[in-house]
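Visitor: Sequence and predicted structure are below.
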Amino acid sequence: MKVIYSDKHQAHQGGMELHRGELVPCYEMPSRAQFMLDALRQAGFPILPPRDFAPEQLERVHSADYLQFLRTAYSQWQAAGKSGFMLPSAFPARGQRQDKIPTGIHAKLGYYSYDASTPMVAGTWQAVEAGAHCALTAAALVAEGEQSAYALCRPPGHHAGYATFGGYCFLNNAALAAQYLRDQGKRKVVVLDVDYHHGNGTQDIFWQRDDVLTISIHGDPATEYPFFLGYADEHGEGAGLGYCHNFPLPAGTDWPTYQQVLLKALQLIKDFNPDAMVVSLGVDTFEDDPISAFKLKAGHYPLLGAHIASLGLPTVFIQEGGYAVAEVGQNVAAVLQGFEQTA
Ligand SMILES: NCCCNCCCCCC(O)(O)C(F)(F)F
Ligand SMILES: [Zn+2]
């Protein structure tokens with residue numbers, strides 16, 4: 001399995017996030033990617049740089065005005081006399097208008113986001129664009145016939161919606177990969193999200209579509225980020241009704257419970273009979289993850305990979321979360337090795 005990686009992710013660093021009411025250094029830090037890269041190299045995976053893609057490729061899952069905002073926000077922040085990391089201060093809430101796009105940077109930051117956990121710095125766009133190209137390259141390899149590929153994306157993407165950023169995410173790498181596979185002729189694609197947090201952005205993007213099935217297994221939004229989406233009664237809308245499944249699970253969930261739910265999700269995928277699969281691979285389900293509350297152990301990640309491989313589908317793995325930095329690399333490598341030994 002080829003690993004697609006760009007060191008341009010390093011331009012995204014130095015911010016702080018509002019976490020449980022406190023401004024703290026970002027958990028989503030550059031060293032995560034370094035640990036993953038080192039572990040994958042040690043495990044013998046070939047590492048390739050991303051191909052280039054036209055800017056229009058990003059418009060396959062994001063609005064043009066949102067992309068224009070992401071590209072220009074930091075220079076507008078500087079033009080307003082600001083420096084350092086950029087965070088929103090106000091968000092449109094119930095009873096306020098979302099049909100008017102404000103012109104000032106502080107209002108635009110809130111208009112296009114939904115939390116204060118996701119700072120932007122001068123190099124964020126460069127890092128995010130490179131991450132998206134890693135995802136698109138992995139999808140291209142699979143579209144061209146490879147059984148699987150992995151994109152070491154940083155920052156992550158599954159919380160980014162059609163026109164929103166949040167949860168450390170700006171461009172939805174998994175959605176870009178799924179849409180790319182569709183554009184290359186895969187008739188039906190499933191996105192399986194095994195990150196600890198609900199893939200609300202991916203769900204948003206494919207909510208009304210029946211050609212991309214979204215399935216997410218995650219911490220219960222009643223108590224866990226992203227809080228306001230990810231319940232079991234969300235099944236899509238319009239043509240998309242029935243093509244979205246959520247499996248919220250309580251804090252403390254261990255492997256036996258997780259595995260049982262995973263098998264249900266895999267059955268839904270078999271029933272959908274897709275031509276390809278995208279996996280939003282977060283390993284923040286790990287027992288020692290500092291911001292999450294599941295109890296998976298290192299030895300369970302090869303099993304996770306083997307279960308995913310049991311579907312026999314061409315598979316694009318997209319890196320999402322995982323914040324136990326010392327173990328994140330081993331856990332990611334374990335999933336990919338478990339997949340390869342079974343595929
Ligand atoms: N008070 C709750 C603060 C929550 N902070 C944001 C958590 C973001 C999780 C990001 C992730 O792990 O889902 C991703 F895969 F996108 F990286
Ligand atoms: Zn997560």
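Guide: Cool, got the structure. Ligands and ions are numbered 1, 2, ... in the order given.
Visitor: Whichever residue of the stretch 51-200 of the chain sits closest to ligand 2: how many residues sit nearby?
Guide: Nearest residue of the stretch 51-200 of the chain to ligand 2: His197, at 3.6 Å (C-beta to the ion). Where C-beta positions appear, they are placed from N, C-alpha and C, glycine not excepted. The number of residues packed around His197, counting by other C-beta atoms under 10 Å, is 29.
Visitor: One more: Gly131?
Guide: Neighbours around Gly131, by other C-beta under 10 Å: 32.
Visitor: Next up, the contacts around it.
Guide: Gly131 makes contacts with 6, 9, 151, 153-155, 157, 171, 173, as judged by C-beta atoms under 8 Å, 6 or more residues apart in numbering.
Visitor: ok, for Gln42, nearest residue in space, not its chain neighbours?
Guide: Leaving aside its chain neighbours, Gln42 sits nearest to Ala333 (7.7 Å; criterion: C-beta to C-beta, 6 or more residues apart in numbering).
Visitor: And the host helix or strand of the one you found, what does it pack against?
Guide: Using DSSP states H and E, Ala333 maps to helix 325-340. Helix 325-340 sits against helix 30-42, strand 148-151, helix 301-309, strand 315-319, with contacts defined as 3 or more C-beta pairs under 8 Å, 6 or more residues apart in numbering; DSSP states H and E.
Visitor: For the ones you listed, give me CSV that also has mean pLDDT.
Guide: Formatted as CSV, these follow (pLDDT from 0 to 100):
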stretch, mean pLDDT
helix 30-42, 98
strand 148-151, 99
helix 301-309, 98
strand 315-319, 99
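Visitor: May I have the phi/psi pair for His245?
Guide: phi -140, psi 130 (degrees, to the nearest 10).
Visitor: what does Asn173 give?
Guide: phi -60, psi -40.
Visitor: tell me, how many neighbours does it end up with?
Guide: 35.
Visitor: quick one: contacts for it?
Guide: Contacts of Asn173 (C-beta under 8 Å, 6+ apart): 131-132, 134-135, 151, 153, 156-158, 318-319.
Visitor: now do 10 Å
Guide: 61, 128, 131-136, 138-139, 151, 153-158, 160, 201-202, 278, 280, 316, 318-320 (C-beta atoms under 10 Å, 6 or more residues apart in numbering).
Visitor: How much space separates Leu336 from Phe206?
Guide: 25 Å (C-beta to C-beta, to the nearest Å).
Visitor: where does His300 land on pLDDT?
Guide: Looking at His300, its pLDDT stands at 98.
Visitor: quick one, strands of this structure?
Guide: Ranges of strands in the chain, per DSSP state E, are 2-4, 16-19, 22-25, 47-48, 148-151, 189-193, 212-219, 244-249, 276-281, 315-319.
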